[in-house]
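*Asks:* Sequence isn't available, so here's the structure alone:
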């Protein structure tokens, strides 16, 4: 009986966690800005200012806006990594637009998460990434777990052009990545229900124990 009660409590807990937290948020925009400069790459911009996003899922690569189309990328529980590309700025140069870049990821509920990449700190334990923000939506925490953005200067660095993925525009383009972590967090009401459920189970076990003792020593 005790095992049955505990199994029931565990099943109820899992069910409440599953129903109270349902990931239903999409990425609707990504913006990268050179801190202290006017250089910006954005999924909403066109021509040479587009940031292009791709994701490898198993052996399949999804290019979400390879011709500058609008994006709506579902975020599921767990970690999701994305590759990013952008045209070279300032044009006709190999120099970085800035030593630090700010990324802002727009979510479909109107909130955003972001972080900073500092190329001068790229070799430390953080990989140059810092300052992430966290948003909680429908019982899930969304946060940026990594980000980097740098200019390529070697062979094959001409990867994107105006409004498309492929050679064109500047010959020294940007590449990088960002990753988002989605973690379920029970809401306060869920915790209250869980504690109340375990309290009822505990009360039942104590009552059963008292009954056993009366029978044993009668």
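*Replies:* Received, thanks. Keep in mind that what you see is a predicted model, and the values were worked out from it rather than measured.

*Asks:* so the residue nearest to the spatial centre of the chain, which of the three states?
*Replies:* Within the chain, the residue whose C-alpha comes closest to the C-alpha centroid is residue 180; the distance, by C-alpha atoms, centre = their mean, is 1.9 Å. Assigned by DSSP: H, G, I helix; E, B strand; the rest coil, the conformation of residue 180 is strand.

*Asks:* Would you mind confirming that it is in contact with residue 142?
*Replies:* Yes - in this structure residue 180 lies within contact range of residue 142 using C-beta atoms under 8 Å: 6.4 Å. To be clear about C-beta, it is placed using only N, CA and C from the backbone, and glycine gets the same treatment.

*Asks:* Find the residues that touch each one of those two.
*Replies:* Listed contacts common to residue 180 and residue 142 are 75, 113; contacts here mean C-beta atoms under 8 Å, 6 or more residues apart in numbering.

*Asks:* Show me the shaky parts of this structure.
*Replies:* Applying pLDDT under 70 to the chain flags the ranges 1-23, 187-218.

*Asks:* For it, just list every one of the helices.
*Replies:* Counting by DSSP state H, the chain has helices at residues 2-20, 188-217.

*Asks:* And for residue 140, the neighbour number?
*Replies:* For residue 140, the count of nearby residues is 20 (other C-beta atoms under 10 Å).

*Asks:* Show me the beta-bridge partners of residue 161.
*Replies:* Listed by DSSP bridges, the beta-bridge partners for residue 161 are residue 164.

*Asks:* how much space between it and residue 65?
*Replies:* Residue 161 sits 14 Å away from residue 65 when distances are taken as C-beta to C-beta, to the nearest Å.

*Asks:* Over to residue 181?
*Replies:* Relative to residue 65, and taking C-beta to C-beta, residue 181 is found at 22 Å.

*Asks:* how about the strands in the protein?
*Replies:* Secondary structure of the chain, counting by DSSP state E: strands at 25-34, 40-42, 51-57, 60-63, 73-75, 78-86, 100-107, 112-118, 129-130, 134-137, 140-151, 160-161, 164-165, 174-184.

*Asks:* Please compute how far the fourth one lies from its chain's middle.
*Replies:* The gap between where strand 60-63 is centred and where its chain is centred comes out at 18 Å by C-alpha atoms, centre = their mean, to the nearest Å.

*Asks:* before we move on, what about the last one?
*Replies:* The chain centre lies 5 Å from the centre of strand 174-184; the measure is C-alpha atoms, centre = their mean.

*Asks:* Neighbouring strands - and their directions - for that strand?
*Replies:* Here strand 174-184 is paired, per DSSP bridges, with strand 78-86 (antiparallel), strand 140-151 (antiparallel).

*Asks:* And for the third one?
*Replies:* Taking DSSP bridges as the criterion, strand 51-57 sits next to strand 60-63 (antiparallel), strand 78-86 (antiparallel) in its sheet.
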